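J.: Give me the fold of what follows.
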Amino acid sequence: MSADATPAPGVQVCSLKTDTHQLIQPGSTYRIMRFPFGAAEPTDRFAMHQAVQPDGYVVSNWATDDRSGLIWPSKAGWGHLYAMIQWEAAGSSGGYTELRDQFVRDPLGLTTNPNDTTATEHRTPTPGGQYYVKNHGIFVEPGTPLALRVTHNDAAPRLVTLAEFKLVIHDAAP
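T.: I've put the predicted structure just below:
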């Protein structure tokens with residue numbers, strides 16, 4: 001949806017998912033989770049996750065371009081963010097002791113309010129698989145993209161084997 005279009009009334013949803021493994025380097029720098037476009041994504045009826053972005057930038061390869069991790073809200077309102085993150089097991093030597101994730105407004109500095117993080121969580125590994133679900137509510141507006149970011153503290157790069165990122169926008173009273 002273009003910035004000039006009148007948004008449709010009611011709840012609007014963008015739901016992204018990928019099972020393409022993404023290699024995450026260790027350290028304190030968070031990495032944007034990337035998601036495919038078009039038929040490969042679960043739902044984007046309101047054009048919040050498009051290869052041609054609202055500012056005119058075109059993502060040519062979703063797997064290598066951080067912009068493929070951006071959801072651009074289709075209207076202003078109360079946004080409810082959801083994520084699911086599944087990590088591969090830690091290495092046998094020097095394995096991770098902490099997995100980190102967060103939601104962020106404008107992670108690439110495309111607006112006047114860049115890198116506004118929220119719902120940052122640092123988690124210790126549990127026995128078995130490392131499967132996490134999170135949700136958080138924030139106000140959203142068109143023109144300020146959102147992303148899901150992750151990192152870890154293993155001695156070696158580790159894979160995120162499955163990721164989902166969803167935005168539900170509810171009307172907010174003026």
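
J.: Please count neighbours and contacts with C-alpha atoms only from this point.
T.: OK.

J.: Looks to me like Ala39 is in a helix.
T.: Yes. If the criterion is DSSP: H, G, I helix; E, B strand; the rest coil, then Ala39 is within a helix.

J.: What separation do you get for the most centrally placed residue in the chain and Pro127?
T.: By CA atoms, centre = their mean, the chain has its centre lying nearest to Leu148, at 2.7 Å. Distance, Leu148 to Pro127, using CA to CA, to the nearest Å: 24 Å.

J.: part of a strand, is Ala156?
T.: No. Applying three-state DSSP, one finds Ala156 to be coil, outside a strand.

J.: Quick check: next helix or strand after the worst-scoring helix or strand of the chain on mean pLDDT?
T.: When each helix and strand of the chain is scored by mean pLDDT, DSSP states H and E, strand 116-123 comes last, with a mean of 91. Counting by DSSP states H and E, the next helix or strand C-terminal to strand 116-123 is strand 130-140.

J.: Can you show me the CA trace of the least confident helix or strand of the chain as PDB?
T.: This file holds the C-alpha atoms of strand 116-123, laid out as PDB (Å, rounded to 0.1, in the frame of the first residue of the first chain):
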ATOM      1  CA  ASP A 116      14.300   2.100  18.700                       C
ATOM      2  CA  THR A 117      14.400  -1.300  20.300                       C
ATOM      3  CA  THR A 118      11.800  -3.000  22.400                       C
ATOM      4  CA  ALA A 119      11.000  -6.400  23.900                       C
ATOM      5  CA  THR A 120      14.800  -7.300  24.100                       C
ATOM      6  CA  GLU A 121      15.300 -10.700  25.700                       C
ATOM      7  CA  HIS A 122      18.400 -12.500  26.700                       C
ATOM      8  CA  ARG A 123      17.800 -16.200  27.200                       C
END
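
J.: Direction included, what does that strand pair against?
T.: The sheet places strand 116-123 alongside strand 99-105 (antiparallel), with pairing taken from DSSP bridges.

J.: No further questions, thank you.
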